[in-house]
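>>> here is the input, now give the coordinates:
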Amino acid sequence: MSNFLIGAAFAVLLALAIATVVTGVITALKIGPPPPPITRHGRWELRTLPDGTTEYTWIARQAGHFSPETNPDNLKPQGRHRIPH
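As a prediction, this is how the structure comes out:
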């Protein structure tokens, strides 16, 4: 009798483990792909708060997303690193 109870307990634990994995996979599929990682690159920007005061805030640039001033296509090499035409 005790062997049956031990076997039943292991079967219940195995079923719970499988259900947990299935639930995690379904949730991950519903969420979709993760956003691009945030890099250390960015800029300080002066922002006006709703109460009228201002503060400087760090605006992080996400990997692969460029603002016009940091777009590599718009940047021209300067000084001795200039690319000869």
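>>> stretch 53-63 - what's its average pLDDT?
Rounded to a whole number, the mean pLDDT of stretch 53-63 is 75.
>>> restricting to C-alpha, output it in CSV.
Output in CSV follows, covering the C-alpha atoms of stretch 53-63 (Å, rounded to 0.1, in the frame of the first residue of the first chain):
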residue,chain,number,x,y,z
THR,A,53,9.7,72.4,-13.1
THR,A,54,12.5,71.0,-15.2
GLU,A,55,15.0,68.2,-14.6
TYR,A,56,17.7,66.5,-16.6
THR,A,57,16.9,62.9,-17.6
TRP,A,58,19.1,60.2,-19.1
ILE,A,59,17.5,59.0,-22.4
ALA,A,60,19.0,55.6,-23.2
ARG,A,61,19.2,54.6,-26.8
GLN,A,62,18.1,51.0,-27.5
ALA,A,63,20.4,48.8,-29.6
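>>> 682 is where my numbering starts, stick with that
That works, and once the first residue is 682, the last one we named lands at stretch 734-744.
>>> next SSE downstream of the longest strand along the chain?
When the chain is parsed with DSSP state E, its longest strand is strand 719-729. Going down the chain from strand 719-729, the next helix or strand is strand 735-743, by DSSP states H and E.
>>> mind listing the strands that next one pairs with, and their directions?
Strands that pair with strand 735-743, judged by DSSP bridges, come out as strand 719-729 (antiparallel).
>>> let me see the mean pLDDT of the strand it pairs with.
Per-residue scores along strand 719-729 average to 75.
>>> and residue 696, what is it in contact with?
Going by CB atoms under 8 Å, 6 or more residues apart in numbering, residue 696 touches no other residue. (C-beta placed from N, C-alpha, C; glycine too.)
>>> and the gap between it and residue 704?
12 Å (CB to CB, to the nearest Å).
>>> what about dumping the CA coordinates of the longest strand of the chain to PDB?
Extracted as PDB, the C-alpha positions of strand 719-729 are listed here (Å, rounded to 0.1, in the frame of the first residue of the first chain):
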ATOM      1  CA  ILE A 719      19.100  49.000 -23.800                       C
ATOM      2  CA  THR A 720      22.700  50.000 -24.200                       C
ATOM      3  CA  ARG A 721      24.800  52.500 -22.200                       C
ATOM      4  CA  HIS A 722      24.600  54.900 -25.100                       C
ATOM      5  CA  GLY A 723      22.200  57.800 -24.800                       C
ATOM      6  CA  ARG A 724      22.100  61.500 -23.900                       C
ATOM      7  CA  TRP A 725      21.000  63.800 -21.100                       C
ATOM      8  CA  GLU A 726      17.900  65.700 -22.000                       C
ATOM      9  CA  LEU A 727      16.200  68.600 -20.200                       C
ATOM     10  CA  ARG A 728      12.600  67.700 -19.500                       C
ATOM     11  CA  THR A 729       9.700  69.800 -18.300                       C
END
